[in-house]
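Trainee: have a look; sequence and predicted model below, questions after that.
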Amino acid sequence: MYLSDVDLRQAVQCGDLIVDPLPDKEIGATSIDLHLDSIEQAKIWDFNALAAHNKKWGYQSKELNIARMTYGVISRQFMVLPPREADAEEDDLVFRRENAIILRPRGFVVWQTEEKVGTPEENPKYICFIDGKSTRARTGLVVHLTAPTIHAGWSGNVTLEMTNCGPLDLVLHAGDAVAQLTVAQITQPPARDVKLSATHGQTSVHGIDPDTSSA
């Protein structure tokens, strides 16, 4: 059963659903808009740094062993703020212009939500889903490429993986509503401890602080 706007507000007020801050005017019939956080939370891959690291260890320049990496470590090493427009190379697909991020076709950026969302660890009643917004998608913006599910008992700022599949350069600002949250009731609280998640409680695009050394 999916929650309507009435149920969404009541769930937040009762503490069974976490959406903080709760947007005052952007709760739809069955969804809540989510907004981009400050521009400092927009990150791209630093290919030069990754290539130098890989050369040292005898790997190909842009290869990344995704199934064996520790994401928190790797992202802190090789994900950086996009360059300013004045410093950007001609082939850079993502750069900053004053208070905006310019996302060119085929560009890729990760950027967290302003809102902390999810459900309490104790006796969670709901499961949440992140979707893009259709009008943004029609420009070519793909939001949250995979893993749309926010599992019961998880909470944190959501990291959005965004790419531009369209023909236009897209301009994104902090506070832009680019995604939406829908919420469904689950039959009973899960038996498995949500703390097993590597991103539970995250406050940046890097996830939680890693407990291992570099990859």
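Mentor: Ah, there it is. In this text the structure is predicted, and so the values were computed from the model without any measurement.
Trainee: quick one: low-confidence parts of the protein?
Mentor: Along the chain, segments meeting pLDDT under 70 span 193-198, 208-215.
Trainee: run the last query once more with 80
Mentor: 24-26, 192-204, 206-215 (pLDDT under 80).
Trainee: quick one: the helices in it?
Mentor: With DSSP state H, the ranges of helices along the chain come out as 5-14, 47-57, 71-78, 134-137.
Trainee: okay, the angle between the second one and helix 71-78?
Mentor: For helix 47-57 against helix 71-78, the angle between stretch directions is 110 degrees (axes from the mean of the first three to the mean of the last three C-alpha atoms, to 10 degrees).
Trainee: CA atoms of helix 47-57 as PDB?
Mentor: Extracted as PDB, the C-alpha positions of helix 47-57 are listed here (Å, rounded to 0.1, in the frame of the first residue of the first chain):
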ATOM      1  CA  PHE A  47      40.400  10.700 -14.000                       C
ATOM      2  CA  ASN A  48      44.000  12.000 -13.800                       C
ATOM      3  CA  ALA A  49      44.400  11.000 -10.100                       C
ATOM      4  CA  LEU A  50      42.900   7.600 -10.800                       C
ATOM      5  CA  ALA A  51      45.200   7.100 -13.800                       C
ATOM      6  CA  ALA A  52      48.200   8.000 -11.700                       C
ATOM      7  CA  HIS A  53      47.200   5.600  -9.000                       C
ATOM      8  CA  ASN A  54      46.500   2.800 -11.500                       C
ATOM      9  CA  LYS A  55      49.800   3.300 -13.200                       C
ATOM     10  CA  LYS A  56      51.600   2.900  -9.900                       C
ATOM     11  CA  TRP A  57      49.900  -0.500  -9.400                       C
END
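Trainee: buried ones in it?
Mentor: 50, 51, 53, 54 (16 or more other C-beta atoms under 10 Å). Any C-beta I mention is one placed from the backbone N, CA and C, and that applies to glycine too.
Trainee: mind putting these into a markdown table with distance to residue 168?
Mentor: Output for these, formatted as a markdown table (distance: C-beta to C-beta, whole Å):
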| residue | distance to residue 168 |
| --- | --- |
| 50 | 28 |
| 51 | 29 |
| 53 | 34 |
| 54 | 33 |
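Trainee: quick one: the residue most central in space within the chain from residue 60, how far?
Mentor: Nearest to the centroid of the C-alpha atoms of the chain, with distances taken as C-alpha atoms, centre = their mean, sits residue 159, at 1.6 Å. Counting by C-beta to C-beta, to the nearest Å, the separation of residue 159 from residue 60 is 26 Å.
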